[in-house]
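[1] Please find the sequence and the predicted model below.
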Amino acid sequence: MKVASVVGARPNFVKLAPLSRALRERFHEVIVHTGQHYDYEMDRIFFDEIGIPEPDHHLGVGSGSHGRQTGEMLARIENVLMKEMPDAVVVFGDTNTTLAGALAAAKLHITLVHVEAGLRSYDRRMPEEINRVLVDHCSDILSCPTKTAVDNLRREGIVDGVYLTGDVMVDAMNLCMEISRRSNVLERLELRPKEYILATLHRAENTDDEARLREIIGAFQDIGNSLVFPCHPRTERRLRDLGLWDSLRECIKVIKPVGYLDMLQLERNALRILTDSGGVQKEAYILRVPCVTLRDRTEWVETVNDGWNVLAGASRGSIVRHATGFVPTRPQTHVFGDGDASRRIVDLMESFLSSRRGPAR
Ligand code: UD1
Ligand code: UDP
């Protein structure tokens, strides 16, 4: 049976890495890359470093407004799916690529698998929230990373096809943990373990809101030279436009986005992590590094409930206070599974698709 995995943005690639391995043991997989991300550090480095197979189709959509980008992807993915006619399409997370892949599959009546289903921040102003809700409502197999995700879906009346599989990001970390220990990123950046704070920042609610962005950047400047900031190209562009780029670079270590192996090494050795990323909040939790989230809400509520993540919003004072003093005091409840999510998803797909085909004649 043939499966098409649709990816296009950095977090999609990380989630695809372990699933693609598991899929290829039992399915013929084709990879469709929308081209949503395209800079070397946002795209190619993940394929080169963590062994994701080459995409079979590269759609070259690139950047644009939400409607234009999603619409272009939808049209081009549909063309590919009509040619390939896979038995199932797999989409990951909550990006515009995820939504376009899901709509294209659903309209062609192809079985749709959503990896990382059921997440909710309950903030419809986040583009990711719209994507998650829509994709979940047209999926056939919903792979939930946590019990909270299963409960969220039930509240929306989605119960069929919902499975608690654990989180494929645990699988990805297991796959890459040993090799990431060989990364020399600390030496390259002249960093000592547990003597620096790692920051990432790219979500639209922060980069596109000048007041919030200025508060957060002010906090980064207050924290000063212990801060290492692999900067997303979206954020770099905004900071340059606002005239904040050069002054920030004088106060803290601003670097290009790093590959996944360097990222795991930077995360593992950080004293604390400041982030508005979904994936980085989870990785901080799994690596037992205290996390300060630069958002007002999070969909990864367990990390906050367990006391390993704190929501600092975009308040300069609160960010600085937590960045310098936040210490978790409770043990973790290990909510993201045991690292076997990919195999479970493939099992579910196999039995779902076999039952649809009916008994062999
Ligand atoms: C997207 C996802 C977001 C995810 C993030 C991961 C959506 C709606 N958002 O946000 O959920 O957390 O990816 O990183 O899908 N750009 C470049 N080079 C690139 C990619 C982007 O310069 O390789 C710049 C462009 O100016 C572009 C901007 O970043 O307009 C935004 O890129 P886009 O893919 O639209 O959204 P992200 O902010 O990356
Ligand atoms: N990541 C990375 N290099 C970076 C920043 C992030 O490899 O410079 C990885 C990170 O470890 C995680 C994933 O990218 O696995 C998260 O993606 P991102 O923060 O872009 O998106 P989100 O999870 O917020 O959708």
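    That came through, no problem. Residues are numbered from 1 along each chain as shown. Ligands and ions are numbered 1, 2, ... in the order given.
[2] Near ligand 2, which residues of the stretch 51-200 of the chain are found?
    residue 200 (Cβ under 6 Å from any ligand atom). C-betas here are computed from N, CA, C, even on glycine.
[3] So out of everything in the stretch 51-200 of the chain, what residue is nearest ligand 2?
    residue 200 (5.2 Å; Cβ to the nearest ligand atom).
[4] can you pull the contacts of that residue?
    By Cβ atoms under 8 Å, 6 or more residues apart in numbering, the residues touching residue 200 are 229, 230, 232, 273, 274, 275, 276, 277, 280.
[5] Going by neighbour count, which of the residues you listed comes out on top?
    residue 274 (28 neighbours; other Cβ atoms under 10 Å).
[6] and the nearest residue to residue 60 once chain neighbours are set aside, how many neighbours?
    With sequence-adjacent residues excluded and distances taken as Cβ to Cβ, 6 or more residues apart in numbering, residue 60 is closest to residue 35, at 4.4 Å. Neighbourhood size, residue 35 [other Cβ under 10 Å]: 20.
[7] Flag every buried residue along the longest helix anywhere in the chain.
    Counting residues, the longest helix found in the chain (DSSP state H) is helix 66-84. For helix 66-84, the neighbour count (16 or more other Cβ atoms under 10 Å) marks 69, 70, 71, 72, 73, 74, 76, 77, 78, 80, 81, 84 as buried.
[8] What's opposite the residue of the stretch 51-200 of the chain closest to ligand 2 in the beta bridge?
    Judged by DSSP bridges, the bridge partners of residue 200 are residue 275.
[9] Give me the distance between it and ligand 1.
    Distance, residue 200 to ligand 1, by Cβ to the nearest ligand atom, to the nearest Å: 9 Å.
[10] Kindly report the same for residue 348.
    For residue 348 relative to ligand 1 (Cβ to the nearest ligand atom), the value is 25 Å.
[11] Quick one: residues contacting that residue.
    Taking Cβ under 8 Å, 6+ apart as the criterion, residue 348 is in contact with 141, 143, 163, 165.
[12] The helix or strand hosting the third one pairs with which strands, parallel or anti?
    What that stands for is residue 163. Assessed by DSSP states H and E, residue 163 sits inside strand 162-164. Using DSSP bridges, strand 162-164 pairs in its sheet with strand 141-144 (parallel).
[13] so how far is the partner strand from its chain's centroid?
    The chain centroid and the centroid of strand 141-144 are separated by 16 Å, computed with Cα atoms, centre = their mean, to the nearest Å.
[14] Grab the CA positions of it and hand them over as PDB.
    What follows is strand 141-144, C-alpha atoms only, in PDB (Å, rounded to 0.1, in the frame of the first residue of the first chain):
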ATOM      1  CA  ILE A 141      -7.000   8.500  12.000                       C
ATOM      2  CA  LEU A 142      -6.100  10.900  14.800                       C
ATOM      3  CA  SER A 143      -2.800  10.200  16.500                       C
ATOM      4  CA  CYS A 144      -3.000  12.000  19.900                       C
END
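[15] can you pull the buried residues of that strand?
    Neighbour counts over strand 141-144 (16+ other Cβ under 10 Å) mark 141, 142, 143, 144 as buried.
[16] contacting residues for the last one?
    By Cβ under 8 Å, 6+ apart, the contact set of residue 144 is 117, 118, 150, 153, 162, 163, 164, 165.
[17] With adjacent residues omitted, what lies nearest to the fifth one?
    Counting by Cβ to Cβ, 6+ apart, residue 162 lies nearest to residue 142, which is 4.7 Å off, once chain neighbours are set aside.
[18] which secondary structure element contains residue 254?
    Residue 254 belongs to strand 253-255, assigned by DSSP H and E.
[19] Tell me which strands that strand pairs with, and in which orientation.
    Strand 253-255 sits in its sheet next to strand 227-230 (parallel), going by DSSP bridges.
[20] Just give me how far the following helix or strand past the strand holding residue 163 sits from the chain centre.
    Using DSSP H and E, the helix or strand that follows strand 162-164 in sequence is helix 168-180. Mean-position distance between helix 168-180 and its chain equals 14 Å (Cα atoms, centre = their mean).
[21] Report the next helix or strand after helix 168-180 in sequence order.
    Beyond helix 168-180 on the C-terminal side, the first helix or strand identified by DSSP H and E is helix 185-188.
[22] Check which residues of that next one are buried.
    Buried residues in helix 185-188, defined by neighbour count with 16+ other Cβ under 10 Å: 185, 186.
[23] Stretch 250-265 too?
    Buried residues in stretch 250-265, defined by neighbour count with 16+ other Cβ under 10 Å: 252-255, 257-265.
[24] Over to stretch 281-300?
    Under the neighbour-count criterion of 16+ other Cβ under 10 Å, stretch 281-300 has 281-287, 289-295, 297-300 buried.
[25] hey, what's residue 30 bridged with?
    residue 4.
[26] What distance do you get for it to ligand 2?
    For residue 30, the distance to ligand 2 - Cβ to the nearest ligand atom - is 23 Å.
[27] what residues are up against that residue?
    So residue 30 contacts 2, 3, 4, 5, 56, 57, 84, 86 (Cβ under 8 Å, 6+ apart).
[28] make it 6 Å
    By Cβ atoms under 6 Å, 6 or more residues apart in numbering, residue 30 lies in contact with 4, 56, 84.
[29] Those residues of the stretch 251-361 of the chain touching ligand 1, which are they?
    By the rule Cβ under 6 Å from any ligand atom, no part of the stretch 251-361 of the chain lies against ligand 1.
[30] Run through the stretch 251-361 of the chain and note the low-pLDDT ranges.
    For the stretch 251-361 of the chain, the stretches with pLDDT under 70 are 358-361.
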